[in-house]
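# give me a 3D structure for the following:
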Amino acid sequence: MGIRNKKNHIEKIDRKYLWHPFTQMKEWMRESPIIITEGRGSFLKDIYGKWYLDGISSLWVTVHGHRKEDINRAVKEQLDRIAHSTLLGLSHPPAIELAEKLINLVNSRLSNPPVSPFTKGGRRGINNSELRTLNFKLSRVFYSDNGSTAVEIALKIAFQYWQHKGNKHKKKFLSLNNAYHGDTIGAVSVGGIDMLHKIFSPMLFDSFKAPSPYCFRCELKLSHPSCGLACLDTMERIMRKHKTE
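The predicted structure follows:
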């Protein structure tokens, strides 16, 4: 099979067998598909040798670029030892060492938080000195392999916490309008993009909704700082009213 015929064959196989996520398949079937074979830095190359700027870091995953020598070297060294070992009842040095680094990094940021634009000259907000006195500390790391399941885990941890505290009626969540946290059931339940998820509404659990503090397209049609962060007023009212739920 010639090179051109092989590439055409790959395209036909794709159209026949693959169901692409977040892709309108009718359009995909009509158009010439972009099939990637190589990456270098911030660029991707397709089967015809055309290069593209990877402007979304392959969906926010390759934030350091493709084929980074130090990352590739570390992955190869680990594969030469072992590719996978569960954390269920076991452990391994990379997970342990990374957990320590994450804890130290997060706690150092919590003790010296960045300045928020929402705390400058406004009537609302916790300033940096107040944050330091609250003494927030991260104590452990629970790993997840993707964003959606990380949200699922967070929901379960929050629910389980109150169950173990004996507060069996505290089951509700507060989420933001227009929020996106992933596409699993829990993540969609605390999301807020009907265009993507309305069809699944019978499967979801209810959550209280508050306006997003999104100044660029404020859903309350206000402007910061004259708005006084009215979106947070709504959130506060919901939290006070339903704090036992």
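# I'd like to know how far the nearest residue in space to Asn146 that is not next to it in sequence sits from Asn135.
Nearest residue to Asn146 in three dimensions, chain neighbours excluded: Gly182, at 7.7 Å (C-beta to C-beta, 6 or more residues apart in numbering). For every residue, glycine as well, the C-beta is placed using N, CA and C. Remark: distance between Gly182 and Asn135 (C-beta to C-beta, to the nearest Å) = 31 Å.
# show the backbone phi and psi for the residue nearest to Asn146.
phi 140, psi -170 (degrees, to the nearest 10).
# and Gly182 and Asn135? which has more neighbours close in?
The neighbour comparison of Gly182 against Asn135 (other C-beta atoms under 10 Å) goes to Gly182, with 17 against 8.
# contacting residues for that one?
Gly182 sits next to 146-149, 151-152, 188, 191 when contact means C-beta atoms under 8 Å, 6 or more residues apart in numbering.
# got a markdown table for the residues you listed, with pLDDT, secondary structure and neighbour count too?
Shown next, in a markdown table, are the contacts of Gly182 (pLDDT from 0 to 100; DSSP: H, G, I helix; E, B strand; the rest coil; neighbours: other C-beta atoms under 10 Å):
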| residue | pLDDT | secondary structure | neighbour count |
| --- | --- | --- | --- |
| Asn146 | 91 | coil | 11 |
| Gly147 | 92 | helix | 16 |
| Ser148 | 94 | helix | 17 |
| Thr149 | 96 | helix | 14 |
| Val151 | 97 | helix | 20 |
| Glu152 | 98 | helix | 19 |
| Val188 | 96 | helix | 22 |
| Gly191 | 94 | coil | 22 |
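# which of those sits closest to Lys209?
The closest of the contacts of Gly182 to Lys209 turns out to be Gly191 (C-beta to C-beta; 10.2 Å).
# that closest one against His197, yeah?
Yes: contact criterion C-beta atoms under 8 Å: Gly191 and His197 qualify, at 6.2 Å.
# can you list contacts of stretch 183-194?
Stretch 183-194 has contacts (C-beta under 8 Å, 6+ apart) with 147-149, 151-152, 155-156, 173, 175-182, 196-197, 200, 203-207, 209, 212.
# run the chain-centre distance for that stretch.
The chain centroid and the centroid of stretch 183-194 are separated by 12 Å, computed with C-alpha atoms, centre = their mean, to the nearest Å.
# so for that stretch, what gets flagged as buried?
Buried residues in stretch 183-194, counted by 16 or more other C-beta atoms under 10 Å: 186-192.
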